[in-house]
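1. Quick one: sequence and predicted model below, then my questions.
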Amino acid sequence: MPRKRTVPPPPRRSPEAAAPAEARVDLSTALGPLKLTNPVMVASGTFGALMDTVLDVSKLGAVVEKTVTKKPRKGNPPPRVWETAGGMLNSIGLENYGLEGWIRKRYPQVKDYPCALIVSVSGETVEEYSELVRAIDALPRVDAFELNISCPNVSHGLDHATDPAAMERVVRLAKAATRRPVFAKLTPNVTDVVTVARAAMEGGADGLSLINTLKGMAIDWRRRAPCLGAGTGGLSGPAIKPVALRMVWEVCSALPAAPVMGIGGISNADDALEFIVAGARAVQVGTANFVEPRSAETVVDGMRRKLAEAGIARVTDVVGTVTKSFENIL
């Protein structure tokens, strides 16, 4: 009687091997001492109350809170937002609860977010930045600070951002008020962004956020009047992406050790990866949130998929890999 052949079972595949390629892509990154599960954040001022009922916050690398000032601010007169070709102008004017109101009303809503929590602060004086950071630093849960030294929508909002010496002093005083990471948000409304970026790093910044909005204007010629209540506002959205990319590339080329967050016109995974290839280690999604509240979540999923398609295992493998030569793309 013929012997019965025993067919060996197929080799067992580990859960990792069985997972789709995109699920195995490592999106983790670091901005100095701040570790992130992925490089995608929502930008300050674009993620308010109830947004977390639409967007899955756990899928983000971080949330950057709307800017907190020492005293409550009513903001600028309406209209405050105006749509433009390829973007929008905003002139909110840093409306917020003020420090005490933010701690009482907003902090309880964000303190348990399952992603990094970065708090944006802005002072009317150099000393106020330090005061704000010290007060918020006393709270149990804050992961980092972003110094909004570059808002074009408030009186004298660019004073510290355009003067390297003032930038260095703001950062130095804020950094002395906390052991948590401090990032300086830079304005594009300067002739040489590298000089200001270098001053921020010399002041002790753990990294840089760039860019803030470009100062712009819309006019209703029939009324012979500005469309925004404050006259001018900050231009954001896809229209400023080429400027933001250029500035991120310049800063990362000149200061390769400086951790950079790229901001400006990011609405999909390709946009985000362009900033990362230019040298950014993380990105912030801003204006796109007004069009589609889940934009940042979509960017995360898209980055993982596109990296897998390109055979890239870690997002950090493409940071700063842009080349000046066109030979690689022709």
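-> Ah, there it is. What you see is a predicted model, and the numbers here were worked out from it, not measured in a lab.

2. From now on I want contacts and neighbour counts done on CA atoms only, so please keep to that.
-> Noted.

3. Not counting sequence-adjacent ones, nearest residue to the residue nearest the centre of the chain?
-> Taking CA atoms, centre = their mean as the criterion, residue 284 is the residue nearest the geometric centre of the chain, at 3.0 Å. Nearest residue to residue 284, sequence neighbours excluded (CA to CA, 6 or more residues apart in numbering): residue 41, at 4.6 Å.

4. Count the residues that sit near the one you found.
-> 29 (other CA atoms under 10 Å).

5. Quick check: it vs residue 271, distance?
-> Counting by CA to CA, to the nearest Å, the gap from residue 41 to residue 271 is 14 Å.

6. all helices in the stretch 201-330 of the chain, in order from the N-terminus.
-> 241-254, 269-278, 288-291, 295-309 (DSSP state H, counting those that start in this stretch).

7. thinking again about what came up before, any idea what the residue nearest to the centre of the chain is bridged to?
-> residue 41, residue 263 (DSSP bridges).

8. Residue 260 is in contact with that one, correct?
-> No - judged on CA atoms under 8 Å, residue 284 makes no contact with residue 260 at a distance of 10.6 Å.

9. The residue nearest to the centre of the chain: what's it in contact with?
-> Residues in contact with residue 284 (CA atoms under 8 Å, 6 or more residues apart in numbering) are 40, 41, 42, 43, 261, 262, 263, 264, 266.

10. 7 Å instead, please
-> 40, 41, 42, 43, 261, 262, 263 (CA atoms under 7 Å, 6 or more residues apart in numbering).

11. again with residue 294
-> Residue 294 sits next to 54, 55 when contact means CA under 7 Å, 6+ apart.

12. you'd agree residue 129 is in a helix?
-> Yes - assessed with DSSP: H, G, I helix; E, B strand; the rest coil, residue 129 lies in a helix.

13. can you count the residues close to it?
-> Neighbours of residue 129 under the rule other CA under 10 Å: 24.

14. Leaving out sequence neighbours, find the closest residue to it.
-> Using CA to CA, 6+ apart, the closest residue to residue 129 is residue 123 (4.9 Å).

15. The one you found and residue 181: what is the separation?
-> Per CA to CA, residue 123 is found 18 Å from residue 181.

16. How far does the helix or strand where residue 108 lies sit from its chain's centre?
-> Using DSSP states H and E, residue 108 falls within helix 107-110. Put simply, helix 107-110 sits 20 Å off its chain's centre (CA atoms, centre = their mean, to the nearest Å).

17. do you know how far residue 127 is from residue 166?
-> 11 Å.

18. Next: residue 142.
-> Going from residue 142 to residue 166 by CA to CA gives 26 Å.

19. hang on, the earlier thing: of the helices of the stretch 201-330 of the chain, which approaches residue 134 most closely?
-> With CA to CA as the criterion, residue 134 lies closest to helix 241-254 of the helices of the stretch 201-330 of the chain, at 28.6 Å.

20. thinking again about what came up before, just want to know which of residue 127 and residue 166 has more residues nearby.
-> Higher neighbour count among residue 127 and residue 166: residue 166, with 19 against 13, using other CA under 10 Å.

21. Quick one: list the elements packing against the helix or strand encompassing that one.
-> Under the criterion of DSSP H and E, residue 166 resides in helix 164-176. Judged by 3 or more CA pairs under 7 Å, 6 or more residues apart in numbering; DSSP states H and E, the packing partners of helix 164-176 are helix 126-137, helix 159-162, helix 193-202.

22. Tell me which of those helices sits most buried.
-> Highest mean neighbour count of those: helix 159-162, a mean of 23 (counted as mean count of other CA atoms under 10 Å).

23. Quick check: closest non-adjacent residue to residue 25.
-> residue 313 (4.9 Å).

24. Point out where the stretch 101-250 of the chain drops to low pLDDT.
-> Within the stretch 101-250 of the chain, the stretches with pLDDT under 70 are 150-159.

25. Kindly recompute the last result at 80.
-> Counting by pLDDT under 80, the stretch 101-250 of the chain has low-confidence residues at 150-161.

26. pretty sure residue 75 is touching residue 91, no?
-> No - between residue 75 and residue 91 there is no contact under CA atoms under 7 Å: 8.2 Å.

27. Dump stretch 283-302 to PDB, restricted to CA.
-> The C-alpha trace of stretch 283-302 is given here as PDB (Å, rounded to 0.1, in the frame of the first residue of the first chain):
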ATOM      1  CA  VAL A 283       4.500  70.000   8.300                       C
ATOM      2  CA  GLN A 284       1.500  71.900   9.400                       C
ATOM      3  CA  VAL A 285      -1.800  71.900   7.500                       C
ATOM      4  CA  GLY A 286      -3.700  75.200   7.900                       C
ATOM      5  CA  THR A 287      -6.000  76.800   5.300                       C
ATOM      6  CA  ALA A 288      -7.000  73.400   3.900                       C
ATOM      7  CA  ASN A 289      -8.800  72.700   7.200                       C
ATOM      8  CA  PHE A 290     -11.300  75.400   6.200                       C
ATOM      9  CA  VAL A 291     -12.100  73.500   3.000                       C
ATOM     10  CA  GLU A 292     -12.100  70.000   4.400                       C
ATOM     11  CA  PRO A 293     -11.800  69.500   8.200                       C
ATOM     12  CA  ARG A 294     -10.200  66.100   7.700                       C
ATOM     13  CA  SER A 295      -7.400  67.300   5.500                       C
ATOM     14  CA  ALA A 296      -4.600  66.600   7.900                       C
ATOM     15  CA  GLU A 297      -5.800  63.000   8.400                       C
ATOM     16  CA  THR A 298      -6.000  62.600   4.600                       C
ATOM     17  CA  VAL A 299      -2.400  63.900   4.300                       C
ATOM     18  CA  VAL A 300      -1.200  61.300   6.800                       C
ATOM     19  CA  ASP A 301      -2.800  58.400   5.000                       C
ATOM     20  CA  GLY A 302      -1.600  59.700   1.600                       C
END
